[in-house]
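[1] would you be able to build a 3D model of this:
(chains A and B)
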Amino acid sequence: MSQAPQADDARQSGDSLDAWFKREILAHEDVLVRYLSRMWPNRQDIVDLRQDTYVRVYEAAAKARPTAPKSFLFATARHLMTDRFRRQRIVAIDAVGDLETLNVLIEDVSPERQMSAHQELRRLAEAIDLLPLRCREAVWMRRVDDLPQKEVAARLGVTEKVIEKHVMKGMRLLADALARSREPAGSGRKARHDSETDHGKP
Amino acid sequence: MESHKQIEEQAARLLAKRDSGAWSQADQAQLESWMGESTAHRVAVLRLEAAWDEARRLQAVAAGLRPGTVPPPGAWRRAPFFSDGNPRIRVGRLLTSISFRKERVGVAGRRWRARPLAASAAIVLAMVGGCFILIAGLLDRGRYTTSIGQVASVSLPDGSMMTLNTDSEARIKYSGAERRIDLARGEAFFDDIKDPRRPFVVYVGDKRVVAVGTAFSVSRDRRDIRVVVVKGQVRFQDLRPASARMAHADPVPHAGSMEPAAAQSTDVLLDTDTMAHAAGGDLLVQNISIAQADQVLSWRRGYLTFHDTSLANAIDQLNRYNRHKIIIADPTVAAIRISGTFRPTDYAAFVHLLQQAYSIRAASTEGETRLGKD
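    Modelled structure (predicted):
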């Protein structure tokens, strides 16, 4: 892969680093979060681990984009956890041992993620349903109906500032909900197979 | 050091402000410099941006809903749009009756392009002491009719094209929220529908048909409604209350591959190259070939095309174009199958051809021609 342009070229080329990052890395957030959750004993650290993983991946990709982004993402996450395990002696040895099974897990939780457009829309619909009612209404009118903020405010009988707050909250919750709802519902997905696939190894 | 939570909050604050529309160059500079401060800031922005962008795709689901009406949570679960399996073929009780029904002259076409980038209606919003009044700009109304034998195209106030088949009537009522067409009788073909954000909705009997970037036709013959989609998709919705729909539903599921769902369906997404027939609570959706679509479209060029069509069916279609009616007095004549292209208004030539080709006796009075065996 060629040298990546500097980060601030975001808006220029079709495949800027930012666009690449969204498509190749952020798209795997659901799997990443599940992976981190399984490996890491403390739930409250997951968001930090996730974001730190993103930071590492982004900075590495700014120098040279990995050819296998998904594997690189999970390898990065694993290294990050290993580093932390070493620093935090409190963590049980068991958890570290678990890390070795990582490569299996990556494959298992992520069969080729080719959702149909249909499934994608359903996933979105379910994500938006998780928003608090007022927030959901505001998000819907702004994002789906494309109504101006002013009009949304009028319709909901609140100030524009309130709508902006709803949007602010809505996009955060949506980002979280999207990652959660992408989890396989049990049916239609390949059953877990404990093969010796090599994904995730650096 | 700031936590990721704080970073995310700041990222969301900046993006929400950008989304609000009140976004100056200084704001943009602030966002960029904030993103430049650390990669943690940048990835937080990218992550929220990606989710926010993705939410826009729900517009596909919302097509046909009046902007500002937010469907209740879970509403989509009932929509067949989200049902599992292939929704393309739905067969209701109507199947048997439909296969013996006359095929009315249909409409279809291709090569049309919808142009989604058109200005939406101006909505003037007035705030009066905490209340608000919505004034729909560009309120357009009109009534279009064709007489028997006439086929006409009109450009609607928004630039969309409507072609009316013989003896048809459509009423137009445009508001800022919806472009409403009531098809009172006959058949209409719609094309070049602009402005995807203002729903283009054809009401026909107790059903409605919502365009999603589309060329399609709608026709009605008393209770029977037919929709042909030649480009894009349309949503087909039942407007009757649930109780009325259930009364038509079959008590037992259909056997074999037939889907019992059709009778209960209130909202079906019709794809390109499909034709749907509905009567009451029953709906039949079938895929059609380009040739079939061309055939049902032929009326728009001033011809009727028959391909191995029963004479009864052909004459039914022909009669729609003429005050002078052709009546089949003998059932064996009705079963004759014909193929060809005919001028629907020239019934005399049609009758003459029949007499030449088959041993058919025609007895004409001023108002009708009766066909029987020699």
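
[2] give me the low-pLDDT residue ranges for chain A?
    For chain A, applying pLDDT under 70 flags the ranges A:1-14, A:87-119, A:181-202.

[3] care to break it down by domain?
    A:7-109, A:117-181 (automatic domain parsing).

[4] and among those, the most buried is which?
    domain A:117-181 (a mean of 20; mean count of other C-beta atoms under 10 Å in any protein chain shown). Any C-beta I mention is one placed from the backbone N, CA and C, and that applies to glycine too.

[5] show me how chain B divides into domains.
    Here the domain assignment for chain B is B:4-60, B:75-294, B:303-373, based on automatic domain parsing.

[6] looking at those domains, which has the lowest confidence?
    Mean pLDDT across these is lowest at domain B:75-294; the value there is a mean of 62.

[7] residue B:330 contacts residue B:374, correct?
    No: counting by C-beta atoms under 8 Å, residue B:330 stays clear of residue B:374, with 10.0 Å between them.

[8] between those two, point out the one with more neighbours.
    residue B:330 (13 against 7; other C-beta atoms under 10 Å in any protein chain shown).

[9] OK, contacts around the more buried one?
    By C-beta atoms under 8 Å, 6 or more residues apart in numbering or on different chains, the residues touching residue B:330 are B:371, B:372, B:373.

[10] apply 10 Å and report the result again.
    By C-beta atoms under 10 Å, 6 or more residues apart in numbering or on different chains, residue B:330 lies in contact with B:360, B:361, B:370, B:371, B:372, B:373.

[11] likewise for residue A:174?
    Per C-beta under 10 Å, 6+ apart, neighbours of residue A:174: A:124, A:127-128, A:130-131, A:135-136, A:139, A:143, B:48, B:50-52, B:54-55.

[12] list the ones among those that fall in helices.
    Those of those mapping onto helices are A:124, A:127, A:128, A:135, A:136, A:139, B:48, B:50, B:51, B:52, B:54, B:55, per DSSP state H.

[13] where does the closest residue to residue B:142 other than its chain neighbours sit, in terms of helix or strand?
    Take residue B:142 and drop its neighbours on the chain: the residue closest to it by C-beta to C-beta, 6 or more residues apart in numbering or on different chains is residue B:172, 4.4 Å away. Using DSSP states H and E, residue B:172 sits in strand B:169-174.

[14] again with residue B:15
    helix B:4-20.

[15] so residue A:174: helix, strand or coil?
    Classification of residue A:174 using DSSP: H, G, I helix; E, B strand; the rest coil returns helix.

[16] contacting residues for the residue nearest to it when sequence neighbours are not counted?
    In space, and not counting its chain neighbours, residue A:174 is closest to residue B:51: 4.7 Å by C-beta to C-beta, 6+ apart. Going by C-beta under 10 Å, 6+ apart, residue B:51 touches A:22, A:26, A:29, A:124, A:127, A:170-179.

[17] show me what contacts the residue lying closest to residue B:347 once chain neighbours are set aside?
    Leaving aside its sequence neighbours, residue B:347 sits nearest to residue B:322 (C-beta to C-beta, 6+ apart; 5.0 Å). Residues near residue B:322 by C-beta under 10 Å, 6+ apart: B:148, B:149, B:166, B:167, B:344, B:345, B:346, B:347, B:348, B:350, B:368, B:369.

[18] next, the buried residues of stretch B:267-286.
    Buried residues in stretch B:267-286, counting neighbours by 16 or more other C-beta atoms under 10 Å in any protein chain shown, are found at B:267-270, B:272-286.

[19] near chain A, from those residues?
    With the criterion set as C-beta under 10 Å from any C-beta of the partner chain, the members of the buried residues of stretch B:267-286 near chain A are residue B:269.

[20] and residue B:72, how far from residue B:373?
    Computed as C-beta to C-beta, to the nearest Å, the residue B:72 to residue B:373 distance reads 62 Å.

[21] what about those two, which has more around it?
    residue B:373 (12 against 9).

[22] wait, the more buried one touches residue B:334, no?
    No: look at residue B:373 against residue B:334 with C-beta atoms under 10 Å: they stay out of range, at 11.1 Å.

[23] host element of the residue of the stretch 201-350 of chain B found nearest chain A?
    Closest approach between the stretch 201-350 of chain B and chain A, counting by C-beta to the nearest C-beta: residue B:269, at 10.0 Å. Using DSSP H and E, residue B:269 maps to strand B:267-270.

[24] C-terminal to that strand, what's the next element?
    strand B:274-279.

[25] just give the closest residue to residue B:27, not the sequence neighbours.
    residue B:17 is the one closest to residue B:27 (C-beta to C-beta, 6+ apart), at 6.4 Å.

[26] apologies, that question was intended for residue A:53.
    residue A:77 (4.6 Å).

[27] just to revisit the earlier point, just the buried residues of the contacts of residue B:322.
    By 16+ other C-beta under 10 Å, the contacts of residue B:322 give B:149, B:166, B:167, B:344, B:345, B:347, B:350, B:369 as buried.

[28] just the helices in chain A please.
    Under DSSP H, chain A gives helices at A:17-20, A:29-39, A:46-63, A:69-87, A:93-99, A:102-109, A:117-129, A:133-139, A:149-156, A:160-181.

[29] equivalent analysis for the stretch 1-150 of chain B, please.
    Assigned by DSSP state H, counting those that start in this stretch, the stretch 1-150 of chain B shows helices spanning B:4-20, B:25-37, B:39-55, B:59-62, B:75-78, B:94-100.

[30] to residue B:200, which of these lies closest?
    helix B:59-62 (13.8 Å; C-beta to C-beta).

[31] related to what we said a few turns ago, can you show me the CA trace of the strand holding residue B:269 as PDB?
    C-alpha atoms of strand B:267-270 as PDB (Å, rounded to 0.1, in the frame of the first residue of the first chain):
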ATOM      1  CA  ASP B 267     -47.900  -2.300   2.900                       C
ATOM      2  CA  VAL B 268     -46.000  -4.000   0.200                       C
ATOM      3  CA  LEU B 269     -42.900  -2.800  -1.600                       C
ATOM      4  CA  LEU B 270     -43.200  -3.400  -5.400                       C
END
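
[32] sheet partners, orientation included, of that strand?
    Applying DSSP bridges, strand B:267-270 is found paired with strand B:224-238 (antiparallel).

[33] and the partner strand, how far from the chain's centre?
    Offset of strand B:224-238 from its chain centre (C-alpha atoms, centre = their mean, to the nearest Å): 4 Å.
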